[in-house]
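Enquirer: Have a look at this prediction, sequence included:
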Amino acid sequence: MTTQGIDNLDFEQALARLETIVRRLEEGNVPLEQGLASFEEGTALSRLCQQRLDQAEKRIEELVGKSAPTGGTVGS
């Protein structure tokens, strides 16, 4: 899969593809060149998943910050 193709995946698709690659590499029945290509793709997928998680975390922090009460105490 090309880098451009990877960038178009959502988190769940990228994670599923990464899990498939890891499973195949762990089996150990992959020729060297194919294994290297799979490892390279897996690295890109891992990076993409981390970016997507970081974006989600940032968005959650923004939403929580917007909904937090400003000043005063509850019940006073």
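Expert: Done, it's in.
Enquirer: max-length helix in the protein?
Expert: As assigned by DSSP state H, the longest helix anywhere in the chain is helix 32-67.
Enquirer: I figured residue 17 was touching residue 10, is that so?
Expert: No - the pair residue 17 / residue 10 is not scored as a contact, 10.9 Å apart, by CB atoms under 8 Å. (Glycine included, C-beta is placed from N, CA and C.)
Enquirer: Next up, the contacts around residue 52.
Expert: 10, 11, 14 (CB atoms under 8 Å, 6 or more residues apart in numbering).
Enquirer: ok, the last one to residue 64 distance?
Expert: Between residue 14 and residue 64 the distance is 25 Å, computed by CB to CB, to the nearest Å.
Enquirer: How about the second one?
Expert: The gap separating residue 11 from residue 64 is 20 Å, by CB to CB.
Enquirer: Below-threshold pLDDT in the chain: ranges please.
Expert: 70-76 (pLDDT under 70).
Enquirer: Give me the most central residue, it.
Expert: residue 49 (1.0 Å; CA atoms, centre = their mean).
Enquirer: got a list of what it touches?
Expert: So residue 49 contacts 11, 14, 15, 18 (CB under 8 Å, 6+ apart).
Enquirer: again, only using 6 Å
Expert: 14, 15 (CB atoms under 6 Å, 6 or more residues apart in numbering).
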